[in-house]
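Student: coordinates for the following, if possible.
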Amino acid sequence: MAPSDLRRPYKRPQLSDQQRRRELSLKRQEQSRDAELQARRLASTLLSLPPEHLPSEPEPETEPGSSTDYDLRDASKLKGPAARKWFAKQLMLPEWMIDVPNRLPHDWYVLPRPAGKRCFVVSSDGTTISRQRNGTVLHRFPSALPHGSRNRDGSGPPSYSILDCIFHEMDQTYYVIDMVCWKNYSYYNCSTEFRFTWLEEKLRETNARGAPSYYHKYRFSLVPWGRCDLAGLHKAYAGEVPFGKDGLLFYNKHAHYQPGNTPLALVWKDEHCSQYVIDTDNKGQVPSHQQVVLELQDDGKVTTSDDPPVMFGCLNLDFIQQSGLKTGCLLRFAIGDGGLTIVDGKLERADLHYLGMSNRARAFADTYSKIMFQSMARGSPLRIDDLVASINSSDDDANSLDVEMAV
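Tutor: All right, here's what the predicted structure looks like:
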């Protein structure tokens, strides 16, 4: 499709308040907690250090339901679903893009998303540990990160570093997508623009990007990122990368590192840049009807994992008792032919059909944005042409270089 055909983006029906929540998230950053305290305790918890290794200091105030309901120093003692939920909330998790953000070429970066296992990597006290989003240890190994192996940084004060990575199995490489902390310095309250720039600088100071060796078991590599103008989008979407792609990531350049789901980071995919666009069942097949995972509340409502949660339906209390279901259970449903009814960006009705319990390894129910993205993917997906049209329609981007997105 010629770029001239994409000057006016297709006006899609409003499916959510994602844009409003993006604006609110930026305002809330001004009221964030002590970032250095958060980073230090997270590092100690991920490394499973005992509480007495941490200095005594005042506790930050927390709100009910926040990602720090459990004291960070005690989280390493958690087990089962409680541990999975806590650790999952420490990563900054992108929402699924169900509407194109305003000012995409001016306020957003784009990068290809490596296929693999999302994890934190923590280096400290002569060792390096990676933990998946459910809290389980993926690898324990020596690395060239600061204080990441016994033969490095033996002198000087002890320090810890925390990287947000995706482990790519095919080439045994940790692809770094963000930086939380480096040598005790927290980047929680720094903008994406600052974090991404300094990440390149800091990794350059080490040999972490070098070939694996006895004291550096896995290679670390940066994911190429850039401004989300036409050229940047084309490079992320169609450019060659050394890893298998699983969609694109979009980060608001002003966003701080916010644990949990945030509309200031987005994921999007289509058939060209991901092998799996529509979710499959446990047999690897695309089911005839969309399936969702929701959490059972004590009043019988089934909701998403959003904060606040979105209610999709309600189970009969007699059915709950007869089935032996407990509050907090994750349940699978199929969305029937009645589909989802959205009015003014809010869910009004969902045609749910109960299928059974979810996989026990799951920590959370689906988010509203994921459910809506999957629904759109089956009918009217948000296409690369829509992203291009949004960039072209920007008032301040009239002179941008036109890039053909056809592959």
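Student: does Asp351 sit in a helix, a strand or a coil?
Tutor: Using DSSP: H, G, I helix; E, B strand; the rest coil as the criterion, the local structure at Asp351 reads strand.
Student: and it, how many neighbours?
Tutor: Residues lying near Asp351 (other Cβ atoms under 10 Å) number 16. C-beta here means a position set from N, CA and C on the backbone, and glycine is covered the same way.
Student: then Gln172?
Tutor: When neighbours are counted by other Cβ under 10 Å, Gln172 comes out with 12.
Student: Gln291 too?
Tutor: Gln291, neighbours per other Cβ under 10 Å, totals 20.
Student: who's it bridged to?
Tutor: Ala334 (DSSP bridges).
Student: that one reaches Asp279, doesn't it?
Tutor: Yes - using Cβ atoms under 8 Å, Gln291 is in contact with Asp279, at 6.8 Å.
Student: which secondary structure elements does the helix or strand where Arg131 lies sit against?
Tutor: Following DSSP states H and E, one finds Arg131 within strand 127-132. The elements that strand 127-132 packs onto, with contact taken as 3 or more Cβ pairs under 8 Å, 6 or more residues apart in numbering; DSSP states H and E, are strand 117-124, strand 137-141.
Student: for the shortest one, list the C-alpha coordinates in PDB.
Tutor: Right, the one you point to is strand 137-141. C-alpha atoms of strand 137-141 as PDB (Å, rounded to 0.1, in the frame of the first residue of the first chain):
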ATOM      1  CA  VAL A 137      15.000 -19.500  39.000                       C
ATOM      2  CA  LEU A 138      15.800 -19.800  35.300                       C
ATOM      3  CA  HIS A 139      19.600 -19.800  35.600                       C
ATOM      4  CA  ARG A 140      22.300 -19.300  38.300                       C
ATOM      5  CA  PHE A 141      25.600 -18.500  36.500                       C
END
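Student: report how many residues lie close to the closest residue to Thr206 other than its chain neighbours.
Tutor: Leaving out its chain neighbours, the residue that sits closest to Thr206 by Cβ to Cβ, 6 or more residues apart in numbering is Ala144, at 5.0 Å. By other Cβ under 10 Å, 25 other residues sit near Ala144.
Student: and Ala144, its phi and psi?
Tutor: phi -90, psi 10 (degrees, to the nearest 10).
Student: what of Met376?
Tutor: Per-residue torsions, Met376: phi -60, psi -40 (degrees, to the nearest 10).
Student: nearest residue to it other than its sequence neighbours?
Tutor: Leu382 (6.1 Å).
Student: and if you look at Ala361?
Tutor: Spatial nearest neighbour of Ala361, chain neighbours left out: Asn134 (6.7 Å); criterion: Cβ to Cβ, 6+ apart.
Student: cool, thanks, signing off.
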